[in-house]
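Participant: the sequence and its predicted three-dimensional model are supplied below.
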Amino acid sequence: NAGVTQTPKFRVLKTGQSMTLLCAQDMNHEYMYWYRQDPGMGLRLIHYSVGEGTTAKGEVPDGYNVSRLKKQNFLLGLESAAPSQTSVYFCASSLGQGFFYEQYFGPGTRLTVT
Amino acid sequence: DQQVKQNSPSLSVQEGRISILNCDYTNSMFDYFLWYKKYPAEGPTFLISISSIKDKNEDGRFTVFLNKSAKHLSLHIVPSQPGDSAVYFCAARQPYTGANSKLTFGKGITLSVRP
């Protein structure tokens, strides 16, 4: 079991460029999440999904879009990157409703926007 | 409005001693609390949790205490080991928020255990 994997691990973008971060999990989890972590801040939820084909906004969704076309994958897109989106991005997954609420995290993607 | 607060950004303890990491929350609707541990360049990993109907949960060297009236929880690590040096996040769950497992995280506490 690889658990939760994220691609890429590092990326540098110029302002206005676009990119997609890929998250994959092999635990058959229903719920998936995208967080960002900034210095001195906790993990802040960007978007989440409670199942294949569904997505919802989290705490800081502006400037990001997501898609969950397959149960095992959750994509985070930046259409026009801004320096304020420089951060470490974590994907997580959990079993879902009715189960223990532990979330399993990926190793993170460090994104720098110049 | 920060609903989960970890007011001390760092803590340093001697190996073998007790580490006490504190967390306060403001939302009385939170019903489940978790602690995550994070090493540099890695994702957070689950450490221990407690339901709001309990006041203590123990797992090996780790014990979490919950004081609902004070809206306060703490993580005790006894004895502390150098490998425990990491950032510790407190997280809380509010039920009926659309995603059953949606969590609110604190800013984290950096624990350093001195050999």
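Facilitator: That came through, no problem. Numbering: from 1, shown residues only, chains lettered A, B, ... in the order given.

Participant: where exactly do the strands run in chain A?
Facilitator: A:4-7, A:10-13, A:19-25, A:31-37, A:43-49, A:56-57, A:64-67, A:73-78, A:87-94, A:104-105, A:109-113 (DSSP state E).

Participant: which one of these is the most hemmed in?
Facilitator: strand A:31-37 (a mean of 26; mean count of other C-beta atoms under 10 Å in any protein chain shown). Any C-beta I mention is one placed from the backbone N, CA and C, and that applies to glycine too.

Participant: once you drop chain neighbours, what's closest to residue 28?
Facilitator: Answering for chain A, as no chain was given. Leaving aside its chain neighbours, A:Asn28 sits nearest to A:Lys71 (7.3 Å; criterion: C-beta to C-beta, 6 or more residues apart in numbering or on different chains).

Participant: meant chain B, my bad for not saying
Facilitator: Using C-beta to C-beta, 6+ apart, the nearest residue to B:Ser28 is B:Lys71, at 6.9 Å.

Participant: give me the phi and psi for that neighbour.
Facilitator: Main-chain dihedrals, B:Lys71, degrees, to the nearest 10: phi 50, psi 50.

Participant: which residues does it contact?
Facilitator: B:24-26, B:28 (C-beta atoms under 8 Å, 6 or more residues apart in numbering or on different chains).

Participant: pull up the pairing partners for the least confident helix or strand in chain B by mean pLDDT, direction included.
Facilitator: For chain B, counting by mean pLDDT, DSSP states H and E, strand B:103-105 ranks last in confidence among helices and strands (a mean of 90). Applying DSSP bridges to the sheet, strand B:103-105 is found paired with strand B:86-93 (antiparallel).

Participant: between strand A:31-37 and the strand it pairs with, find me the angle.
Facilitator: 130 degrees (axes from the mean of the first three to the mean of the last three C-alpha atoms, to 10 degrees).

Participant: what average pLDDT does strand B:86-93 get?
Facilitator: Strand B:86-93 shows a mean pLDDT of 94 in the predicted model.

Participant: list the contacts of that strand.
Facilitator: Residues outside strand B:86-93 that contact it (C-beta under 8 Å, 6+ apart): A:42-43, A:101, B:3-4, B:6, B:21, B:23, B:25, B:27, B:30-39, B:44, B:47, B:73, B:75, B:101-111.

Participant: can you flag which of those belong to strands?
Facilitator: Checked against DSSP E, these include these in strands: A:43, B:4, B:21, B:23, B:25, B:32-38, B:47, B:73, B:75, B:103-105, B:109-111.

Participant: list buried residues within those residues.
Facilitator: For these, a burial check counting by 16 or more other C-beta atoms under 10 Å in any protein chain shown picks out A:43, B:4, B:21, B:23, B:25, B:32-38, B:47, B:73, B:75, B:103-105, B:109, B:111.

Participant: residues from chain A in reach of chain B?
Facilitator: Chain A comes close to chain B at residues A:4, A:31, A:33, A:35, A:40-45, A:48, A:50, A:56, A:58, A:90, A:92, A:94-98, A:100-108, as judged by C-beta under 8 Å from any C-beta of the partner chain.

Participant: hmm, try it at 7 Å
Facilitator: Residues of chain A lying close to chain B (C-beta under 7 Å from any C-beta of the partner chain) are A:31, A:40-43, A:45, A:48, A:50, A:56, A:90, A:94, A:96-97, A:101-103, A:105-108.

Participant: got the contact list for residue 106?
Facilitator: Let's take chain A. By C-beta atoms under 7 Å, 6 or more residues apart in numbering or on different chains, the contact list for A:Gly106 reads A:4-6, A:23, A:90-91, B:43.

Participant: meant chain B actually
Facilitator: A:42, B:4-6, B:23, B:89-90.
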